[in-house]
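A.B. asks: attaching a predicted model along with its sequence, questions to come.
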Amino acid sequence: MQAGKVLREPPDVEDDVTDPGAAPYGNFINYYSFNPPENRLSLIPATLLRDLGYSDTHNTLMLDVGCNTGELSIALYQHLLQKTLCEEEDTKSGRTLHLLGFDLDETLIQRAQQINPLPSSISFIPLDITADTEQLQDFLQRHGCTHFHLCACLAVTMWVHLNHGDAGLLRLLSRLASISQHLLLEAQPWKCYRSAARRLRKLGRSDFDHFKALEIRGDMAEQAREHLEGHCSMELIQSFGSTAWDRKLLLFRRT
């Protein structure tokens with residue numbers, strides 16, 4: 001994500017010809033070709049919404065931060081609703097589930113909108129969360145809610161951190177905590193920061209403005225947990241293990 005270009009990084013390969021190169025904000029055009037949705041969904045219980053207390057008749061709102069081209073947003077919606085991607089079946093479901101995905105990259109959002117099979121239930125908008133949350137508040141108000149019931153922030157934190165520094169990272173976490181009842185977080189480990197900077201240098205581009213000045217380092221999942229629990233009135237309630245790229249998938253709840 002740039003100041004929101006919220007997307008993610010490719011595999012940690014330096015010289016592999018399949019390396020898609022550098023994307024300063026994580027906005028990789030073919031991201032889901034090398035990190036398909038199943039890599040995350042295999043760790044997330046299909047019963048998650050029910051486990052969190054959202055009944056089949058509950059009006060539930062979800063947010064996907066840095067949705068890229070939307071494949072994971074759509075797959076996550078299907079996974080949690082436990083329905084096939086069919087508009088007719090979706091409307092017959094007892095649960096009213098709405099998902100909003102956003103990304104700073106308007107080209108990626110246009111692709112997400114084009115492939116979206118459930119436009120009445122899934123929406124995609126261009127948004128820079130580091131600069132604006134008004135559209136998120138508007139979405140909540142339209143649905144008569146004050147918070148998103150579940151917010152997914154997957155492989156986004158590093159891009160905000162690299163482009164906006166320590167203060168930008170902490171603002172992002174605080175902002176997401178303020179609008180979420182539950183937060184599903186996947187923070188890139190520090191080795192990914194080094195890989196992102198290396199890819200940028202390989203292309204002869206300037207380094208990330210904040211990379212060398214970052215003081216928040218080390219175990220980034222633990223750093224995020226400490227901020228969320230110490231300053232954002234959230235608590236870690238479950239770890240779903242680590243992805244194939246060795247990243248922890250953590251679930252937080254508003255206290």
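C.D. replies: Arrived safely.
A.B. asks: got the residue ranges for the strands in the protein?
C.D. replies: Applying DSSP state E to the chain gives strands spanning 59-65, 96-103, 122-126, 150-154, 182-186, 234-242, 248-254.
A.B. asks: could you redo those as a markdown table and give each row mean neighbour count and distance to Q82?
C.D. replies: Where you see a C-beta, it was placed from the backbone N, CA and C, and this is true even at glycine. Below are the strands of the chain laid out as a markdown table (neighbours: other Cβ atoms under 10 Å; distance: least, Cβ to Cβ, whole Å):
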| stretch | mean neighbour count | distance to Q82 |
| --- | --- | --- |
| strand 59-65 | 24 | 13 |
| strand 96-103 | 25 | 11 |
| strand 122-126 | 21 | 16 |
| strand 150-154 | 24 | 15 |
| strand 182-186 | 25 | 17 |
| strand 234-242 | 15 | 17 |
| strand 248-254 | 19 | 19 |
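A.B. asks: tell me the centre residue of the protein?
C.D. replies: C153 (2.7 Å; Cα atoms, centre = their mean).
A.B. asks: list the contacts for that residue?
C.D. replies: Contacts for C153 (Cβ atoms under 8 Å, 6 or more residues apart in numbering) come out as V65, G66, L176, L183, L184, L185, E186.
A.B. asks: identify the bridge partners of the nearest residue to the fourth one once chain neighbours are set aside.
C.D. replies: So the one you mean is L183. Using Cβ to Cβ, 6 or more residues apart in numbering and skipping residues adjacent in sequence, the residue nearest L183 is F252, 4.4 Å away. Under the criterion DSSP bridges, F252 forms beta bridges with L183, L236.
A.B. asks: again with A152
C.D. replies: D64, L184.
A.B. asks: go ahead and confirm it touches A75.
C.D. replies: No: using Cβ atoms under 8 Å, A152 is not in contact with A75; the gap is 11.3 Å.
A.B. asks: now do stretch 178-188: distance to the chain's middle.
C.D. replies: Between the centre of stretch 178-188 and the centre of its chain there are 8 Å (Cα atoms, centre = their mean, to the nearest Å).
A.B. asks: got it, and stretch 119-137?
C.D. replies: That offset, for stretch 119-137, works out to 13 Å (Cα atoms, centre = their mean).
A.B. asks: give me the mean pLDDT for it.
C.D. replies: For stretch 119-137, the mean per-residue pLDDT is 96.
A.B. asks: now L203: phi and psi?
C.D. replies: phi -90, psi 10 (degrees, to the nearest 10).
A.B. asks: number of residues surrounding it?
C.D. replies: 8 (other Cβ atoms under 10 Å).
A.B. asks: for E106, see how far away it is.
C.D. replies: Distance of L203 to E106, computed by Cβ to Cβ, to the nearest Å: 23 Å.
A.B. asks: longest helix of this structure, counting residues only.
C.D. replies: The helix that spans the most residues within the chain, counting by DSSP state H, is helix 157-178.
A.B. asks: for that helix, buried residues please.
C.D. replies: 157-165, 168-170, 172-173, 175-177 (16 or more other Cβ atoms under 10 Å).
A.B. asks: gap between it and the chain center?
C.D. replies: Averaging C-alpha positions (Cα atoms, centre = their mean) puts helix 157-178 12 Å from its chain's average.
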